[in-house]
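Novice: Pasting a predicted model and its sequence here:
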Amino acid sequence: YVDGELVASASSDQKDIARLEAAKAALHKLERLLPATTMIRDCYVGIDGTFEVEVAKQKLYAICGIKKWPKPVYSIVKDEGTPQDKKFVTAVQIATPSATLQMSGDEKSRVKDAENSAASLMIRALQQHKYV
């Protein structure tokens, strides 16, 4: 029930399974009622309304899924320094229906951080150019 109105129901021999299946069905129904931009915006904004760079890679993956785009592809474009002082720059590439977009991130000491940097810059570019 949502606001006193039945949205979905399910049955099973086990009460917990029935509740879970009913919740899944309700979410699936309600998801279609939300505009895609609302779901995408919630995807890359943190709880306090700020952008979270640390999880940008996950959020870009989610945006691509919502938009039905292929998964982002990451590549190392710069790998310099001694083993004790490595620096990496990565690029992320996504294919949209209208273009293939690529963005390089900032130099970081870990590949994971470099990928998150590239993803966060890609998300900001997608926002600026009204892809999301």
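Specialist: Received, thanks.
Novice: From Val7, how far off is Ser120?
Specialist: If you measure Ser120 against Val7 using Cβ to Cβ, to the nearest Å, the figure is 36 Å. C-betas here are computed from N, CA, C, even on glycine.
Novice: who's in contact with Glu80?
Specialist: 86-87 (Cβ atoms under 8 Å, 6 or more residues apart in numbering).
Novice: which one of Ser120 and Val7 has more residues nearby?
Specialist: Using other Cβ atoms under 10 Å, the more surrounded residue of Ser120 and Val7 is Ser120, with 24 against 16.
Novice: Shouldn't the more buried one be within a strand?
Specialist: No - Ser120 sits outside any strand when classified using DSSP: H, G, I helix; E, B strand; the rest coil, being helix.
Novice: My guess is it contacts Ala56. True?
Specialist: Yes - applying Cβ atoms under 8 Å, one finds Ser120 in contact with Ala56, separated by 3.7 Å.
Novice: what sits in contact with each of the two?
Specialist: Counting by Cβ under 8 Å, 6+ apart, nothing touches both Ser120 and Ala56.
Novice: any idea what sits nearest Ala91, other than its immediate chain neighbours?
Specialist: Residue nearest to Ala91 in three dimensions, not counting chain neighbours: Ser104, with 4.5 Å by Cβ to Cβ, 6 or more residues apart in numbering.
Novice: In contact with the one you found, which residues are there?
Specialist: By Cβ under 8 Å, 6+ apart, the neighbours of Ser104 are 77, 89-91, 118, 121.
Novice: which of those residues count as buried?
Specialist: By neighbour count, with 16 or more other Cβ atoms under 10 Å, the contacts of Ser104 hold 89-91, 118, 121 as buried.
Novice: quick one: Gln14 from Ile76, how far?
Specialist: Gln14 is 49 Å from Ile76, where distance means Cβ to Cβ.
Novice: more neighbours, the two?
Specialist: Ile76 (12 against 8).
Novice: In a strand, that one, correct?
Specialist: Yes - Ile76 forms part of a strand when assessed by three-state DSSP.
Novice: For it, report the pLDDT, please.
Specialist: What the model reports for Ile76 is a pLDDT of 97.
Novice: do Val111 as well
Specialist: We note a pLDDT of 94 for Val111 in this prediction.
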